[in-house]
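Trainee: Model the following, please.
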Amino acid sequence: MNKEDKNESYITLGDIFYSLKKNLVLIAIITLAITILGSIYTFGITKEKYQSSTTLIVSLEDKNSEVDLNNSLRLITTVANLVTEDIVLEKVAAQYVNPDDELAIDKYILEMKENIKVTSSSSSFLITISVTNTDRNLTKEQANLIANSVIEVCNDSNSSVSNLLSNSISQTSQATIGRYVSPNKPLYLIISLVGGVVVGCIAALCLELLSTKFKNKKDIEYVTSEPIIGELFYNKNGSLDLSKEITKLADIEPFNRVFTNIKYLNSIKNVRTIMTTSTTSGELKSTLNSGLALSIAKYNKKVIIIDLDLRLPTLHKLFKLEKANGIIDYISGDLKYEDIIKHTPNGIDVITSGVAPSYVNPAIFIESPKLNELVSKLKEEYEYILFDVPPILPCNDALMLAPKVDGVIYNVAIDRARKKDFKDCLNRLKNTDSDLLGLCATNLKISKKEASNYYYYSEDKKR
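Mentor: Got it, this is the predicted structure:
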């Protein structure tokens, strides 16, 4: 299974790690944001709570005989349940609200019940009463009040439990100032941090799944194993003015790399006719062709570009030449090939598209025997012949020409073509039995630190 097929069929663990690594900045930002929010919640919103505890002991030994063990356990459970009964808590609530206001008493009792915890053990006669509150002094006070209220109720002769528990309950330890119990700040911070990482990873994976276009060079390298033989970087300032002589070496450095790779390939196979195409428009095909031709010319090699993008020709605009008397006029008329060659100040010869009748299918000119004859004649005079053709997605012109040239360069622009369309078009190109030299990544973003080492090329949707 090749790389393209593999990526189409399922998501691998490697895909997930690649997506996470690619979006590390996003993950870091989300993690930081959630951690900050967690810190604000932990230290600024949640209230600190304290807890105080007191212990009661139930003495159930009769003066005449030992009390049955099962009955002892029942009595201890009874006392534990009695702690949160209204009869006990009314006496405590009356210390804090108006004892004549029944609604206020009932409300305060409900609030206390939420903050009271009673524990007992079957292996002892001890009952622990714990009170939690945001006021550490109040927890101590209420725990002791509740313990005293339980004892009073059990000793009250009018109480239904006095016959069983009278003088059997005593407080073994006084409650002290409340100790800190919540929130668990370190735990909250860890949860915020881990939660931030998890949310960040999920966001990164969702972003990657929803992303349909290439975002950087590594995206291209991950989707296909085809070599990248050139890179063009984006700049809003525009492209080279090819109507004038170019003297700055930095202006053609990106194209020198492409030509260097082609020269290396020439040592293996003879590459003289080269076609540049792409998935869709705006991927700088014409810019690459023009710059590559400029690089070749600077090496004192004879080079000519033929504009075969007959549906949307561009070369005449780049070189500021007349569109007429071009390849269409040669194939459909009586012009000699010498009549359609236009010269430029940089040593590049150009054959423009010419003017095609609106009712004629441009593909007819690409399949014309006269085009083959023209290329044969040009090979006798030029060392390199470059073809500027339409993108593959909207039409088949490039696929028709591809088998006839020595090599094809495929442009891939960042944030332009969809990944699926790119893979489909690349597979269609390979099915033509053409020779793909490699890819050229265009519209790449570059840092300011690296900017001085490169010339930028702007996006033009017509190129």
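Trainee: centroid residue for the protein?
Mentor: Ala204 (3.0 Å; CA atoms, centre = their mean).
Trainee: is it true that Ala356 touches Phe365?
Mentor: Yes. Between Ala356 and Phe365 there is a contact at 7.4 Å, judged by CB atoms under 8 Å. Just so you know, the C-beta spots here come from the backbone N, C-alpha and C atoms, and that holds for glycine as well.
Trainee: residues shared between the contacts of these two?
Mentor: Common neighbours of Ala356 and Phe365, using CB atoms under 8 Å, 6 or more residues apart in numbering, are 310, 328.
Trainee: sorry, back to before: how much space between the residue nearest to the centre of the chain and Cys440?
Mentor: Noted for Ala204: a distance of 28 Å to Cys440, by CB to CB, to the nearest Å.
Trainee: Over to Val118?
Mentor: Applying CB to CB, the value for Val118 to Cys440 is 77 Å.
Trainee: go on, Met112?
Mentor: Met112 is 76 Å from Cys440, by CB to CB.
Trainee: who's more crowded, these two?
Mentor: Cys440 (28 against 19; other CB atoms under 10 Å).
Trainee: Assign that one to helix, strand or coil.
Mentor: What DSSP: H, G, I helix; E, B strand; the rest coil gives for Cys440 is strand.
Trainee: residues in contact with it?
Mentor: Cys440 neighbours (CB under 8 Å, 6+ apart): 228-232, 258, 276, 288, 409-412.
Trainee: Quick check: pLDDT value at it.
Mentor: pLDDT for Cys440: 93.
Trainee: And Glu48, by the same measure?
Mentor: pLDDT, Glu48: 92.
Trainee: That one: neighbour count?
Mentor: Glu48 has 13 neighbours, counted by other CB under 10 Å.
Trainee: From the chain's centroid, how far away is the longest helix seen in the chain?
Mentor: Ordering each helix of the chain by length in residues (DSSP state H) puts helix 185-210 first. Here the centre of helix 185-210 is set off from its chain's centre by 12 Å, with CA atoms, centre = their mean, to the nearest Å.
Trainee: next helix or strand past it?
Mentor: helix 217-223 (DSSP states H and E).
Trainee: Alpha carbons of that following helix, as CSV, please.
Mentor: These are the backbone C-alpha positions of helix 217-223, laid out as CSV (Å, rounded to 0.1, in the frame of the first residue of the first chain):
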residue,chain,number,x,y,z
LYS,A,217,5.9,22.1,3.7
LYS,A,218,5.7,19.3,6.2
ASP,A,219,2.0,18.8,5.3
ILE,A,220,3.0,18.2,1.7
GLU,A,221,5.9,15.8,2.7
TYR,A,222,3.5,13.9,4.9
VAL,A,223,0.8,13.4,2.3
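Trainee: Show me what it is packed against.
Mentor: If you count contacts as 3 or more CB pairs under 8 Å, 6 or more residues apart in numbering; DSSP states H and E, helix 217-223 packs onto helix 3-9, helix 13-22, strand 228-233, helix 419-430, strand 436-444.
Trainee: To Leu187, which of those lies closest?
Mentor: Ranking the helices and strands packed on helix 217-223 by their distance to Leu187 (criterion: CB to CB) puts helix 13-22 first, at 25.6 Å.
Trainee: quick one: average pLDDT of that closest one?
Mentor: For helix 13-22, mean pLDDT rounds to 77.
Trainee: What helices and strands are in contact with it?
Mentor: On a contact count with 3+ CB pairs under 8 Å, 6+ apart, helix 13-22 meets helix 185-210, helix 217-223.
Trainee: So which elements touch the helix or strand that it is followed by?
Mentor: Proceeding N to C from helix 13-22, the next assigned helix or strand is helix 24-40, under DSSP H and E. On a contact count with 3+ CB pairs under 8 Å, 6+ apart, helix 24-40 meets helix 185-210.
Trainee: could you give the mean pLDDT of the helix it packs on?
Mentor: Across helix 185-210, the average pLDDT comes to 89.
Trainee: would JSON lines of the helices and strands packed on helix 13-22 with distance to Val153 be doable?
Mentor: Formatted as JSON lines, those follow (distance: least, CB to CB, whole Å):
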{"stretch": "helix 185-210", "distance to Val153": "39"}
{"stretch": "helix 217-223", "distance to Val153": "75"}
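Trainee: looking at those helices, which is buried most?
Mentor: For the helices and strands packed on helix 13-22, the largest average neighbour count (mean count of other CB atoms under 10 Å) is found in helix 217-223, namely a mean of 17.
Trainee: And the contacts of that helix?
Mentor: Outside helix 217-223, the residues that touch it by CB under 8 Å, 6+ apart are 3-4, 7, 18, 22, 214, 228, 231, 412, 419, 422-423, 439, 441, 444.
Trainee: likewise stretch 86-99?
Mentor: Around stretch 86-99, the neighbours that count as contacts under CB under 8 Å, 6+ apart are 82, 104-105, 108-109, 112-113, 142, 145-146, 149-150, 152-153, 159.
Trainee: Can you give the distance of that stretch from its chain's centre?
Mentor: 58 Å.
Trainee: What sits closest to Asp349 if chain neighbours are left out?
Mentor: Ile304 (4.1 Å; CB to CB, 6 or more residues apart in numbering).
Trainee: pretty sure that neighbour contacts Thr352?
Mentor: No. In this structure, Ile304 is not within contact of Thr352 by CB under 8 Å, at 11.5 Å.
Trainee: Tell me which of these two has more neighbours.
Mentor: Legend: neighbour count by other CB under 10 Å for Ile304 and Thr352, higher for Thr352 (26 against 21).
Trainee: need the contact list for that one.
Mentor: Neighbour list for Thr352: 307, 313, 315-316, 321-327, 340, 342 [criterion: CB under 8 Å, 6+ apart].
Trainee: and if you look at Val181?
Mentor: By CB under 8 Å, 6+ apart, the residues touching Val181 are 49-51, 132.
Trainee: okay, now the domains of this structure?
Mentor: The record assigns the chain these domain ranges, following automatic domain parsing: 3-46+184-210, 49-182, 217-451.
Trainee: residue ranges with poor pLDDT in the stretch 151-300 of the chain?
Mentor: 157, 234-251, 266-267 (pLDDT under 70).
Trainee: let's see it at 50
Mentor: The model of the stretch 151-300 of the chain has no residue with pLDDT under 50.
Trainee: go on, the stretch 351-463 of the chain?
Mentor: For the stretch 351-463 of the chain, the stretches flagged by pLDDT under 50 are 449, 452, 454-463.
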